[in-house]
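**Student:** Coordinates for the following, if possible.
(2 chains)
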Amino acid sequence: KNEVEQSPQNLTAQEGEFITINCSYSVGISALHWLQQHPGGGIVSLFMLSSGKKKHGRLIATINIQEKHSSLHITASHPRDSAVYICAVTLSTDKLIFGTGTRLQVFP
Amino acid sequence: DSGVTQTPKHLITATGQRVTLRCSPRSGDLSVYWYQQSLDQGLQFLIQYYNGEERAKGNILERFSAQQFPDLHSELNLSSLELGDSALYFCASSVSERGSDTQYFGPGTRLTVL
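**Tutor:** Predicted structure coming up:
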């Protein structure tokens, strides 16, 4: 079993839909990261969370430390949101462990 | 543009060879991280340097080594290359030594071993 699990693996949505991607982890962490990787390969850091909730534009990320779970929400999804979304956790040793990613496709 | 640069963009080489990948962090960032992304393994953390010193080590093979120079750029050396080393290699940088800081990723180097 992977230490960081994401679901779903693949997600298809119509433009305008509300999207949720989930991340569960089984280890103690100091932080959780959400990353976005576009088809060209480039990776962008979206959020770094250690508690609570963060919002940036149409993106919202939440974390529940007790339940070892985080969600990434996209409101009013758009075709340009199509990408792979990757959850990663930072251990107390500063080592990072990545989930396998969620491939999102948003159709007009 | 993250401000992190990586060279070369693409590298094609043969098994048994040695290559060097280069990364320049964002201005002001002291930490550099190296990651490998292969089709079957996803993203894996290799190693972190902070201000010239090794800070954290992940799944880095003994055939691989890295260093960070006084000007803070970093190099990842891959030797005795095997077909399975074909992957995208990313570096990222952050301000401090904490792995919990926001990291800024470079565009990656695509290595193909034939």
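**Student:** which element is residue 29 on?
**Tutor:** Since you didn't name a chain, this refers to chain A. Residue A:29 belongs to no helix or strand when elements are defined using DSSP states H and E.
**Student:** isn't it right next to residue A:94, touching?
**Tutor:** No: Residue A:29 is not in contact with residue A:94 according to C-beta atoms under 8 Å; the separation is 11.0 Å. Every residue, glycine included, has its C-beta placed from N, CA and C.
**Student:** Neighbour count for those two, which is higher?
**Tutor:** Neighbour tally, residue A:29 and residue A:94, criterion other C-beta atoms under 10 Å in any protein chain shown: the higher count belongs to residue A:29, 25 against 22.
**Student:** which residues touch that one?
**Tutor:** Taking C-beta atoms under 8 Å, 6 or more residues apart in numbering or on different chains, we find residue A:29 in contact with A:89-92.
**Student:** That one and residue A:99, how far apart?
**Tutor:** As judged by C-beta to C-beta, to the nearest Å, residue A:29 and residue A:99 stand 12 Å apart.
**Student:** Residue B:43 now?
**Tutor:** From residue B:43 over to residue A:99 the distance is 9 Å, taken as C-beta to C-beta.
**Student:** The helix or strand bottoming out on mean pLDDT in chain A: what's the following helix or strand?
**Tutor:** When each helix and strand of chain A is scored by mean pLDDT, DSSP states H and E, strand A:96-98 comes last, with a mean of 91. Going down the chain from strand A:96-98, the next helix or strand is strand A:102-107, by DSSP H and E.
**Student:** List the strands paired with that following strand, with their directions.
**Tutor:** Strand A:102-107 has its sheet partners listed here by DSSP bridges as strand A:10-14 (parallel), strand A:83-90 (antiparallel).
**Student:** Put together JSON lines for these, with distance to residue B:14 and mean neighbour count on each row.
**Tutor:** Formatted as JSON lines, the strands paired with strand A:102-107 follow (distance: least, C-beta to C-beta, whole Å; neighbours: other C-beta atoms under 10 Å in any protein chain shown):
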{"stretch": "strand A:10-14", "distance to residue B:14": "35", "mean neighbour count": "14"}
{"stretch": "strand A:83-90", "distance to residue B:14": "30", "mean neighbour count": "24"}
